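[1] fold the following for me, if possible:
(chains A and B)
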Number of protein chains: 2
Amino acid sequence: MAEQRVTLVEVGPRDGLQYEQVFFPTPRKIELIDRLSASGLTRIEAASFVHPKAIPQMADASQVMHGIAKAPGVVYSALVPNLTGCQAALATPVDELALFVSASQTHNRKNVNQSVEESLAGLARVAALGREAGRRLRGYIVTAFGCPYEGLITRRQLTAILDAYAAMGVEEVSLGDTTGMGNPVQVARMAAWLLAGPWPLRVAFHFHDSRGLGLANVVAAYQAGIRVFDCSLGGVGGCPTAVGAAGNVDTLDLVNLFEEMGVATGVDFESLRQAALAMEKDLPSPLPSRTLRLGRPAWRPPAGRRA
Amino acid sequence: MAEQRVTLVEVGPRDGLQYEQVFFPTPRKIELIDRLSASGLTRIEAASFVHPKAIPQMADASQVMHGIAKAPGVVYSALVPNLTGCQAALATPVDELALFVSASQTHNRKNVNQSVEESLAGLARVAALGREAGRRLRGYIVTAFGCPYEGLITRRQLTAILDAYAAMGVEEVSLGDTTGMGNPVQVARMAAWLLAGPWPLRVAFHFHDSRGLGLANVVAAYQAGIRVFDCSLGGVGGCPTAVGAAGNVDTLDLVNLFEEMGVATGVDFESLRQAALAMEKDLPSPLPSRTLRLGRPAWRPPAGRRA
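    Residues are numbered from 1 along each chain as shown, chains lettered A, B, ... in the order given. Here you go, the predicted model:
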């Protein structure tokens, strides 16, 4: 294998928290993001500038973006659904705007009440505004590995969105397995297809663990050449508009996986673990993370070991 | 890849149930095993002939073995720790005796209060008795991928046990990642080493999901040539004598994984799912399985789909 390192994009403060029914207090969000910054992560999706009536949990996006202590070398991102959200985001020190559209017409309609083409037309205007303001652009493709309503997503559907994102000046595209329909064989094929494609886009994969295949899919994608992975601290999250959506793959379990495989993440596991334990205190239910409870494997032999 | 099929060894009735604190009624155990037989599984570990004071849940092993309706083509196995257990097992229609020893001296001592060498000497006598009675032999290597007390397990430690099992006439060896310390890179190397080795043993891998890597490890092992995997229905189980042991990889999630990858399991997912739902009624807590709740991905496009 070529480069033995990966970049993790922490989406817990946004994708993870957004559907939590109990409001996660603004100072706790800021504390969480500052802890994430201190753990060695270089990419953090910190907020979402959606309408507060749609996602009340993200109503404090501006306060959060102004409240965090931006660390050097860390790129802070925020989700923007439209021009209004974009303008609000641009009034904050956000580094990157994250756009999104579903590969599936039905899912996009349920999510934002627009066709895929209508969404892309709107995002082009958002992207232009963001570029003018000197911000980086990231583009999500939601339900890229399968849609609970439509089933299979075709390469033609993905190509249309990839072309559109590339034309908008998006630098990185993140393909989401929103409801955990992907499997390692499909993921490896998708990675090979994307990396061989004509698009001047860095490719990230964004797995949810709905059917327990999140980490298996990460490994398949890594083996196929993908080097950027989205994850959420402790596995926090889930999506009520998509059938069976569980949280993203857990950042802790992902760091453990890669470090055990000899692949550098640049992240300090124990700092992250403390951040997850602190976050969990303000959540209504325990985080699904495995290594949060168990820690990493102990490989050092104790004194008196017999071999 | 060569052969696109795998054999699953269902260990739920034994490894899965053995540490459940509430007694799982004998008729329910028999019903569970009969349902497993009907699902297309060809290998079922049905009971354990350990001392009832050590594992009260398995006190009804003989009744279970006599009570089940043995299906043609299905191999029924039982764990036997020693000669006493072996004699009890041989008085039942069990097809296969499953022996076990830890790769780690410390873990073996904590588990059965013997050194590895003492265990192997005892197992040789059990194996001889089993062979004389015309039964198949399976040998577990516990903590094969790492020990929570000793850390790294060396190839030398594994070789000694593999040599001993081969000399006893064991046909299949199952290497257990008892506390979830394995990772996909290590697992692939282990598989390559075992398959290139001199032992006339079929190799099975037995993963626990303690750190969420069970299915990722299965995929790595499959890619490296392993074709036999242990699993427990619904992911039932866990081991109190091993730090941080969770249940085995879930049979349902494993069937979904392989079938989605285009690898045949010969198992009917929906029958298994019904068996898991029935089992869960007699368990004190919900099963950790993902696909038990969510089902398999729906790939068929509904009418009116727009592409």
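
[2] contact residues of the stretch 1-150 of chain A facing chain B?
    With CB under 8 Å from any CB of the partner chain as the criterion, the stretch 1-150 of chain A meets chain B at residues A:105-106, A:146, A:148-150. (Each C-beta comes from the backbone N, C-alpha and C, glycine too.)

[3] mind running it again at 7 Å?
    By the rule CB under 7 Å from any CB of the partner chain, the part of the stretch 1-150 of chain A lying against chain B is A:105, A:146, A:148-150.

[4] kindly reformat these as TSV containing secondary structure.
    Shown next, in TSV, are these (DSSP: H, G, I helix; E, B strand; the rest coil):
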residue	secondary structure
A:105	helix
A:146	coil
A:148	coil
A:149	coil
A:150	coil
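
[5] for those residues, which one is nearest residue B:182?
    Of all these, residue B:182 sits closest to residue A:146, with 28.6 Å by CB to CB.

[6] separation between the closest one and residue B:299?
    Between residue A:146 and residue B:299 the distance, using CB to CB, to the nearest Å, works out to 7 Å.

[7] of those two, give the one with the bigger neighbour count.
    residue A:146 (23 against 12; other CB atoms under 10 Å in any protein chain shown).

[8] ok, residue A:95 touching residue A:134?
    No - with contacts counted by CB atoms under 7 Å, residue A:95 stays clear of residue A:134, the gap being 9.5 Å.

[9] the two: which has the busier surroundings?
    The neighbour count for residue A:95 versus residue A:134, taken as other CB under 10 Å, is higher for residue A:95 (17 against 8).

[10] what residues are shared contacts of residue A:146 and residue B:299?
    Counting by CB atoms under 7 Å, 6 or more residues apart in numbering or on different chains, the common neighbours of residue A:146 and residue B:299 are residue A:152.

[11] tell me the buried residues in stretch A:12-24?
    For stretch A:12-24, burial by neighbour count (16 or more other CB atoms under 10 Å in any protein chain shown) applies to A:12-20, A:24.

[12] swap in stretch A:63-78?
    Buried-residue list, stretch A:63-78, by 16+ other CB under 10 Å: A:64-65, A:67-68, A:70-71, A:74-78.

[13] next, format the residues you listed as CSV and append secondary structure, pLDDT and distance to residue A:196.
    Shown next, in CSV, are those (DSSP: H, G, I helix; E, B strand; the rest coil; pLDDT from 0 to 100; distance: CB to CB, whole Å):
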residue, secondary structure, pLDDT, distance to residue A:196
A:64, helix, 98, 39
A:65, helix, 98, 37
A:67, helix, 98, 43
A:68, coil, 98, 38
A:70, coil, 98, 36
A:71, coil, 98, 35
A:74, coil, 98, 31
A:75, strand, 98, 27
A:76, strand, 98, 32
A:77, strand, 98, 27
A:78, strand, 98, 31
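
[14] looking at those, spot the one nearest residue A:121.
    Residue A:121 has its nearest neighbour among those in residue A:78, at 21.2 Å by CB to CB.

[15] what residues are up against the nearest residue to residue A:181 once chain neighbours are set aside?
    Closest residue to residue A:181 apart from its sequence neighbours, by CB to CB, 6 or more residues apart in numbering or on different chains: residue A:146 at 3.1 Å. Shown in contact with residue A:146 (CB under 7 Å, 6+ apart): A:152-153, A:181-182, B:297, B:299.

[16] ok, of the residues of the stretch 1-150 of chain A next to chain B, which come out buried?
    A:105, A:146, A:148-150.

[17] format the residues you listed as JSON lines; extra columns: pLDDT.
    Converted to JSON lines, those look like this (pLDDT from 0 to 100):
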{"residue": "A:105", "pLDDT": "97"}
{"residue": "A:146", "pLDDT": "97"}
{"residue": "A:148", "pLDDT": "92"}
{"residue": "A:149", "pLDDT": "93"}
{"residue": "A:150", "pLDDT": "94"}
